[in-house]
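*Asks:* Give me the fold of what follows.
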Amino acid sequence: VTHPDYPGERLVACLNPHLAKERTETRQSLLAATETELDKIVTSVNRERRPLRGKDKIAMKVGKVIDHYKMAKHFIIEITDETFTYRRDEAKIAAETILDGVYVLRTSVESKVLGTEEVVLSYKSLSNVERVFRGFNTDLDIRPIRHRTETRVRVHVFLRMLSYYVS
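*Replies:* Residues are numbered from 1 along each chain as shown. You can find the predicted model right below:
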């Protein structure tokens with residue numbers, strides 16, 4: 001796919017069913033955890049003795065829960081001075097579920113040089129490079145150094161690769 005926002009680049013859309021399943025399960029568990037905490041707030045607002053009152057106080061408690069689980073976009077919340085209600089926004093959840101497992105790769109390499117399948121394979125082979133770099137931090141006890149210039153970054157990566165080769 002090409003897009004005017006990315007001139008001179010190709011976009012390759014991929015679907016990973018395992019990633020889709022994982023993201024769906026994660027979302028469901030976060031929604032359930034958020035609902036559990038929101039139910040506690042509903043209970044505190046509706047109790048007979050010393051109920052939680054005030055729109056600001058209720059909103060502060062709700063905000064902490066919503067911010068903690070990052071699920072605000074999936075709930076419709078109504079707060080007044082004496083009531084608090086919530087429900088899932090099923091339309092937004094369904095819209096996000098459609099995109100579960102979909103990811104896009106950007107490349108500036110022309111399709112004549114690197115086909116769509118090769119783009120995906122080269123992306124997946126990056127996991128080997130990541131494994132090697134994780135090995136630097138554990139096996140070789142070489143810690144990352146924060147560089148700010150392109151030349152220094154290249155030299156640092158070269159030295160890490162050279163040390164991996166020697167080991």
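*Asks:* contacts, neighbours, all on C-alpha from now
*Replies:* OK.
*Asks:* Identify the residue nearest the residue positioned nearest the centre of the chain in space, chain neighbours excluded?
*Replies:* Nearest residue to the geometric centre of the chain (C-alpha atoms, centre = their mean): R23, 9.3 Å. Among residues not flanking R23 along the chain, D100 sits closest, at 6.2 Å (C-alpha to C-alpha, 6 or more residues apart in numbering).
*Asks:* what sits against that neighbour?
*Replies:* Shown in contact with D100 (C-alpha atoms under 8 Å, 6 or more residues apart in numbering): 19-21, 23-24.
*Asks:* distance of it from S44?
*Replies:* As for D100, its distance to S44 is 35 Å (criterion: C-alpha to C-alpha, to the nearest Å).
*Asks:* gap between R10 and T116?
*Replies:* R10 sits 9 Å away from T116, going by C-alpha to C-alpha.
*Asks:* Would you mind telling me which of the two has the busier surroundings?
*Replies:* R10 (20 against 16; other C-alpha atoms under 10 Å).
*Asks:* ok, what's across the strand from that one?
*Replies:* T107 (DSSP bridges).
*Asks:* if you average pLDDT over the helix ranked longest in the chain, what comes out?
*Replies:* When the chain is scanned for its longest helix (criterion: DSSP state H), the result is helix 17-46. Mean pLDDT, helix 17-46: 96.
*Asks:* what separates the helix or strand following it from the chain centre, distance-wise?
*Replies:* Counting by DSSP states H and E, the element after helix 17-46 in chain order, helix or strand, is helix 55-69. Helix 55-69 sits 22 Å away from the centroid of its parent chain (C-alpha atoms, centre = their mean, to the nearest Å).
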